[in-house]
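J.: sequence plus predicted model, see below.
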Amino acid sequence: MRPDHRHLHVQVPDRFNPVLNILERWAAVDPAAPALISVGAQGQLVQSQTVANLTLDSRRMARALMELGVVQGDRVLIMMSRVPAWYTAMLGTLRIGAIAIPTPYQCTERDVAYRIKAAEPVAIIADEFAATRIGPVRDKNRSVKHQIVWSASGTARQGWHDLDVLLDQTGDGVTPADPTAATDPLMIFFTSGTVSYPKMVLHRQSYALGHVSTAREWHGIGPGDRHWTISDTGWAKAAWGSLFGQWHEGAAVVQANLPKPTAAAILSIIRDHQVSSFCAPPTLYRLLVQENLKSFDFGSLRQCTSAGEPLNPEVIRAWRDRTGLTIRDGYGQSETTLLVANTLELSVRPGSMGKPVKGYDVAVVDDHGTRLPAGQVGHLAVKLEPRPTGLFDEYLDNEEETRKAFRSGWYFTGDKASVDEDGYFWFSSRADDVITSSAYRIGPFEVESALIEHPAVMEAAVVGKDDPERTQIVCAFVILAKGFRGSEQLTRELQEHVKHLTAPYKYPREIHYCEELPKTISGKIRRSELRRRLSDGLSAIGAAAPRA
C-alpha cells in the first residue's frame, strides 16, 4: 500500500546537506536498498548500486577532492555522460559543500569555454569525450587548478588526474560531519539561453528538499519503486528526476546511457528494468506514440509524466488510448523545482499545466504584480513570501537580470499563461514569443498543438515573421511523420486543419518543412533561431508554403 502523500510538509533544518541528510540517513536505516540502476546503450544492466554503495562512493570522492585542496564554496564543473561515475563526482562534490556545476553533455567547445569563464571553477571532472572539449579551453582560465577524468577504457590522459586512481588511493574515511547550512550554495545551473547568453542560476542546499514534491505529488513514487527520467546530466531536469527527491522517498533511480534515444530502446528499458515511474520530454512522447504501443508490456509502469515544454493534448490522448496510462504534464524551470503540475490528486485536463504544487503560490499577474482574473493571459509569477524552498537565490554576477526577475513581491518566470475558473493553469508562450498579427496576440503553443493533431505532423514550432501589413504573420516549421512528404497540397490541408481547430486568424500563413528543429541543450525549441533564419531569408530552412 502506498503512503498517503496528500499533505506534503518537509521541514528544512538550519544545517542541511543533501548527501548527509538524505542518502546517509537512508543508508543507516536500509543500506541494502537499491538506489541506482545504470543501463547501457543496448539496454543492458551496467551496474546496480545500493544506497550503501552510493554513500561509500560519495565519501571516497569527497576525500579525493579534499586531498587536492578543494574546499567548501569552491566550484566544480562536472561534464559526464549518464554513467555511475557521474553520481560519484556529483555526490562527492556536494558532500563537502563544494558547488557543483552540472554541464550538459552536448556542450560544444565554445559552450564549455563560456561556462568556465563565467563560473570560474577550481576543478573540472569529465569523462573521456567531455575532456576532448574541455582540454583545448581550460588552460585559458586561471581559476582551474585540477582536472579529473574518468576513462571507461582506463586510458591515461596527460595533464589529468585519473578518477578511479584517485578513489583507490584515497579510500574510505572521515569527511566533514556538518559541512553546510541550508542557505549555503549547492549548485549552479546555466539557463537554456533561448534569447541571450545563458545566465548562472544559483541554488542553495535546501533546493534538494524542494524536489520532494516532485517525487511525491507528481511522480507518485515510494519505497521499492524505480523512477526513470530521460535527461542529460547537465540539465536541471536531472535534479528533478535523478537526484534528491526520489531517494528521499526511498525509490531507486534508473539512468540509461543512450546516445540517441529510440522508441524501441525506451520501451524495452521500461519493460526489462521494471520502471514504475517514467518522465520524458514531449519530443520523446511524440516519438513513442508513432509506435505500435499495444504490442509492448507496460505491466510495471504506473505513472507517466512530462516536462520541458507543454505537452500537446493529442499526444496525451494517443498515449492513454494505447497504454491505458495518463501522461501528467508539469511545469518548472532551472530556477525552480516543479511549480505547476497535473499531480496525482488532479483530474488531467489535456493541454493544461495543472495546478500549483504545495509550497508554491503561483499566479497570473500583470506588469505590476497584480493578480489577473480567470481567462486573462499575463505573466506567470511566484510569490516570494514566504520564500519557496525550491526557488533559486539569484542570477549569479547579474544584478540587472536578478532585479528584472524579482520585483513587486514576485518572481517573474518570463512565461505567459492564463488560469481558468477552476484554478487550472494554461501555458501561452514565453513572454518574448508572443506573435502580434493584425492587432491579435497569438501564443505559438496553441498553433503548434493544432498542427500536431494532424497525422502528417510529428513535431512543429511556430514563430512570428515580420510583415509590413500585419506586423507579423504566423509561420510554422514542421517535421513530418513517417510516410508523409511536404507539398503545396499538404500545406493547404494543414492550414485548413488549423483554421478548423483554432480561431482562423491563428493559422500559419507560411509552413516550412524541415528535418529537424534547432533546440537548446536542454531540448527546448530555439524559436529565436527560427526567427533569425526567417529574417535572414535563408533558403536552407526548407520548402515554404505559398503566402495566403
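T.: Ah, there it is.
J.: C-alpha only now, for contacts and for neighbours.
T.: Will do.
J.: convert the C-alpha atoms of the longest helix belonging to the chain to CSV, please.
T.: Secondary structure of the chain read by DSSP state H shows that its longest helix is helix 51-68. Provided in CSV are the C-alpha atoms of helix 51-68 (Å, rounded to 0.1, in the frame of the first residue of the first chain):
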residue,chain,number,x,y,z
VAL,A,51,22.3,3.2,-1.1
ALA,A,52,25.3,2.0,0.9
ASN,A,53,27.3,1.8,-2.4
LEU,A,54,26.5,5.3,-3.3
THR,A,55,27.3,6.8,0.1
LEU,A,56,30.7,4.9,0.0
ASP,A,57,31.5,6.4,-3.4
SER,A,58,30.5,9.9,-2.2
ARG,A,59,32.9,9.6,0.8
ARG,A,60,35.8,8.5,-1.4
MET,A,61,35.2,11.2,-3.9
ALA,A,62,34.9,13.8,-1.1
ARG,A,63,38.2,12.7,0.4
ALA,A,64,39.9,12.8,-3.1
LEU,A,65,38.7,16.4,-3.7
MET,A,66,39.8,17.4,-0.2
GLU,A,67,43.3,16.0,-0.7
LEU,A,68,43.6,18.0,-3.9
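J.: tell me the helix or strand right after that helix.
T.: Downstream of helix 51-68, the first helix or strand assigned by DSSP states H and E is strand 75-79.
J.: now do that next one: which elements does it pack against?
T.: Judged by 3 or more Cα pairs under 8 Å, 6 or more residues apart in numbering; DSSP states H and E, strand 75-79 is in contact with helix 84-95, strand 99-102, strand 123-127.
J.: list the neighbouring strands of it plus their orientation.
T.: Strand 75-79 has the following strand partners under DSSP bridges: strand 99-102 (parallel), strand 123-127 (parallel).
J.: what would these look like in TSV with distance to A263 and mean neighbour count?
T.: Converted to TSV, the strands paired with strand 75-79 look like this (distance: least, Cα to Cα, whole Å; neighbours: other Cα atoms under 10 Å):
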stretch	distance to A263	mean neighbour count
strand 99-102	27	26
strand 123-127	27	24
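J.: redo those strands as JSON lines? Include distance to H219 and mean pLDDT.
T.: Formatted as JSON lines, the strands paired with strand 75-79 follow (distance: least, Cα to Cα, whole Å; pLDDT from 0 to 100):
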{"stretch": "strand 99-102", "distance to H219": "23", "mean pLDDT": "98"}
{"stretch": "strand 123-127", "distance to H219": "30", "mean pLDDT": "97"}
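J.: could the ones you listed go into TSV alongside distance to I78?
T.: Formatted as TSV, the strands paired with strand 75-79 follow (distance: least, Cα to Cα, whole Å):
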stretch	distance to I78
strand 99-102	5
strand 123-127	5
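J.: closest to G375 out of these?
T.: G375 lies closest, by Cα to Cα, to one member of these: strand 99-102, at 38.3 Å.
J.: hang on, the earlier thing: can you tell which of the helices and strands packed on strand 75-79 is closest to T491?
T.: strand 99-102 (42.0 Å).
J.: residues in contact with the residue nearest to T108 when sequence neighbours are not counted?
T.: Nearest non-adjacent residue to T108, counting by Cα to Cα, 6 or more residues apart in numbering: R133, 6.6 Å away. Residues in contact with R133 (Cα atoms under 8 Å, 6 or more residues apart in numbering) are 108-109, 112.
J.: re the thing from before, mind putting the helices and strands packed on strand 75-79 into TSV with distance to E446?
T.: Formatted as TSV, those follow (distance: least, Cα to Cα, whole Å):
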stretch	distance to E446
helix 84-95	38
strand 99-102	33
strand 123-127	41
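J.: for these, which one sits closest to W228?
T.: Minimum separation from W228 across those (Cα to Cα) falls at helix 84-95, 14.5 Å.
J.: mean confidence score for that closest one?
T.: Average pLDDT, helix 84-95: 98.
J.: point out the other helices and strands that the helix or strand harbouring T283 packs with.
T.: In the assignment (DSSP H and E), T283 maps to helix 282-288. In terms of contacts (3+ Cα pairs under 8 Å, 6+ apart), helix 282-288 is packed against helix 263-272, strand 457-467.
J.: what's downstream of the last one, the next helix or strand?
T.: Using DSSP H and E, the helix or strand that follows strand 457-467 towards the C-terminus is strand 471-480.
J.: where does the prediction get shaky in the stretch 101-250 of the chain?
T.: Applying pLDDT under 70 to the stretch 101-250 of the chain flags the ranges 192-196.
J.: next one: T175 from L68, what distance?
T.: 14 Å (Cα to Cα, to the nearest Å).
J.: revised request: answer the last question for G330.
T.: In this structure, G330 and L68 are 41 Å apart, going by Cα to Cα.
J.: more neighbours: these two, which one.
T.: Counted by other Cα atoms under 10 Å, G330 and L68 do not tie: G330 has more neighbours, with 26 against 12.
J.: how far is stretch 273-290 from where the chain is centred?
T.: 14 Å (Cα atoms, centre = their mean, to the nearest Å).
J.: identify all contacting residues around it.
T.: For stretch 273-290, using Cα under 8 Å, 6+ apart, the contacting residues are 219-221, 225-231, 241, 254, 263, 269-270, 300-312, 315, 318-319, 458-459, 523.
J.: report the contact partners of the residue nearest the centre of the chain.
T.: When Cα atoms, centre = their mean is applied to the chain, the residue found nearest the centroid is K237 (3.0 Å). Residues near K237 by Cα under 8 Å, 6+ apart: 229, 231, 334.
J.: please parse the protein into its domains.
T.: 18-419, 433-544 (automatic domain parsing).
J.: highest mean neighbour count out of these?
T.: Burial of those is given as mean neighbour count (mean count of other Cα atoms under 10 Å); domain 18-419 ranks first at a mean of 20.
J.: among the helices and strands packed on strand 75-79, which comes closest to R204?
T.: strand 99-102 (9.5 Å).
J.: with just CA atoms, put the closest one into CSV.
T.: Only the C-alpha atoms of strand 99-102 are listed here, as CSV (Å, rounded to 0.1, in the frame of the first residue of the first chain):
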residue,chain,number,x,y,z
ILE,A,99,29.4,24.0,-5.5
ALA,A,100,28.6,21.6,-8.4
ILE,A,101,28.2,23.0,-11.9
PRO,A,102,26.4,20.2,-13.9
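J.: from I316, how far off is L451?
T.: Separation of L451 from I316 (Cα to Cα) stands at 15 Å.
J.: revised request: answer the last question for S428.
T.: Using Cα to Cα, one gets 18 Å for the distance from S428 to I316.
J.: the stretch 301-450 of the chain: helices as residue ranges?
T.: 313-323, 399-405, 444-452 (DSSP state H, counting those that start in this stretch).
J.: nearest to L94, of those?
T.: Closest to L94 of the helices of the stretch 301-450 of the chain is helix 399-405 (Cα to Cα; 24.9 Å).
J.: circling back to that earlier point, which stretch of helix or strand covers the residue nearest to T108?
T.: Using DSSP H and E, R133 maps to helix 128-138.
J.: follow-up on the earlier one: can I get the helices of the stretch 301-450 of the chain in a markdown table including mean pLDDT?
T.: Output for those, formatted as a markdown table (pLDDT from 0 to 100):
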| stretch | mean pLDDT |
| --- | --- |
| helix 313-323 | 91 |
| helix 399-405 | 95 |
| helix 444-452 | 89 |
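J.: which one, of these, ends up nearest to M200?
T.: With Cα to Cα, the closest approach to M200 among the helices of the stretch 301-450 of the chain belongs to helix 399-405: 10.4 Å.
J.: can you list the residues that contact the closest one?
T.: Outside helix 399-405, the residues within contact range by Cα under 8 Å, 6+ apart are 394-395, 411-414.
J.: what do you get if the cut-off is 6 Å, keeping everything else the same?
T.: With contacts defined as Cα atoms under 6 Å, 6 or more residues apart in numbering, helix 399-405 is touched by 394-395, 411-412.
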